[in-house]
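Colleague: Just the structure for this:
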Amino acid sequence: MPLDHLVLGLQRALDRLVRRLRLGAAPLPDRRRLLIVQIDGLSQAVLEEAIAKGRAPFLARLVRQRGYRMAPMSVGLPTSTPAVHTSRTIGFGPDGRLYVSIGSSCDVCTEGDPRRTTIQVYDAEGKGRPFATGLRNANGFDFEPSTGRLWAGDNGQDGLGPDFPPDEVNLVEDGKHYGFPFFIGNNRPNPTPVTESVPASLSAVAPALELPAHVASTDVRFYTGTQFPAAYRNAMFLTMHGSTAIPAKVGYKVIRVRMKDGRPDGFDDFMTGFVKDGVVSGRPAGLITGADGALYVSDDNKGFIYRVSYGAR
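Modeller: So this is what the prediction gives:
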């Protein structure tokens, strides 16, 4: 049977394999013999135990399957240079597809490459399309565990003063446009001129939450552990990398976004102390929930990773 396209090891990809082998209804101990795979970072013993308990963590890269050769796959992305935003954030959705955020090449402009200022989505065959557009630099996104909804931070442009435009938290939905470069903040017309007129059919989605200007939201993650108190479980956390385009030092912290009736209702400081007397000692960047239930925060200024845990001292 052809397995050339089973790459990047999603649970859904493996489920498709099992269905194609007509073993979808087989009990797990019988299926285990066929799941002879090597998963990055997992020992065979851990893998088999997880399979036997019905919760195999297959959101990892499937790198080898015994007896088969697996063809590598790649997709083309916009060139990194010259560009203002060169990073690419990837994440697998609950639908098994790969999501890739691609920021703008400039501070403010209309892009020649339609893949920019978007979150793209790719299927297992490498076919991609824009999932959402009008996002200046949504370099942090995550899927809400309880609903599967996609949320993303977005960085506002520079050059309009120290207090405008806001950074954003957006509820990202398929086919929607989030305004940039024509609208900023709560759908206010962008005063910075661009070469293209606002499309007559454009219906831009306003941000779900406005953040302070220039804080540089960098990562968005939902806490999926159980160590933290109930109010923090499944909560959205966001790193503010910190301002560089204005004299004031704003951001440089981790926040928890409060939710009410499924929508952001403000935020609270969660991790601070990266700026003292105007001196920057760290810039929080990435977030992830550890297997131990702690929240891990990377600092790309000092090269540290901080572990935030809850419990008795």
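
Colleague: Tell me, how many residues neighbour the nearest residue to Pro82 once chain neighbours are set aside?
Modeller: With sequence-adjacent residues excluded and distances taken as Cβ to Cβ, 6 or more residues apart in numbering, Pro82 is closest to Ser105, at 7.3 Å. All C-beta spots, glycine's among them, are computed from the backbone N, C-alpha and C. By other Cβ atoms under 10 Å, the residues close to Ser105 number 20.

Colleague: Looking at the residue sitting nearest the centre point of the chain now. What's its pLDDT?
Modeller: The centroid of the chain falls nearest to Phe141 when counting by Cα atoms, centre = their mean (2.6 Å). Looking at Phe141, its pLDDT stands at 97.

Colleague: just Leu42 next, same as before
Modeller: Note for Leu42: predicted pLDDT of 43.

Colleague: show me what contacts Phe180?
Modeller: For Phe180, the contact set (Cβ atoms under 8 Å, 6 or more residues apart in numbering) comprises 104, 117, 134-136, 154, 157, 190.

Colleague: can you tell me which of the residues you listed lies nearest to Thr226?
Modeller: Nearest to Thr226 among the contacts of Phe180, counting by Cβ to Cβ, is Asp154 at 30.0 Å.

Colleague: any weak-confidence spans in the stretch 201-313 of the chain?
Modeller: The model of the stretch 201-313 of the chain has pLDDT under 70 over residues 312-313.

Colleague: For it, which segments are assigned as helices?
Modeller: Here the stretch 201-313 of the chain has no helices by DSSP state H, counting those that start in this stretch.

Colleague: ok, which stretches of it are strands?
Modeller: 209-211, 217-222, 236-240, 253-260, 263-271, 275-276, 279-280, 284-289, 295-299, 304-308 (DSSP state E, counting those that start in this stretch).

Colleague: From the rest of the structure, what touches the third one?
Modeller: Residues outside strand 236-240 that contact it (Cβ under 8 Å, 6+ apart) are 140, 142, 144, 151, 153, 169, 211, 215-223, 250-257, 259, 264, 267, 270, 284-287, 295, 297.

Colleague: buried subset of these?
Modeller: Buried subset of these (neighbour count, 16 or more other Cβ atoms under 10 Å): 140, 142, 144, 151, 153, 169, 211, 215-223, 250-257, 259, 264, 267, 270, 284-287, 295, 297.

Colleague: circling back to that earlier point, got a markdown table for the strands of the stretch 201-313 of the chain, with distance to Glu173 too?
Modeller: Shown next, in a markdown table, are the strands of the stretch 201-313 of the chain (distance: least, Cβ to Cβ, whole Å):
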| stretch | distance to Glu173 |
| --- | --- |
| strand 209-211 | 15 |
| strand 217-222 | 15 |
| strand 236-240 | 16 |
| strand 253-260 | 17 |
| strand 263-271 | 13 |
| strand 275-276 | 35 |
| strand 279-280 | 36 |
| strand 284-289 | 23 |
| strand 295-299 | 27 |
| strand 304-308 | 31 |
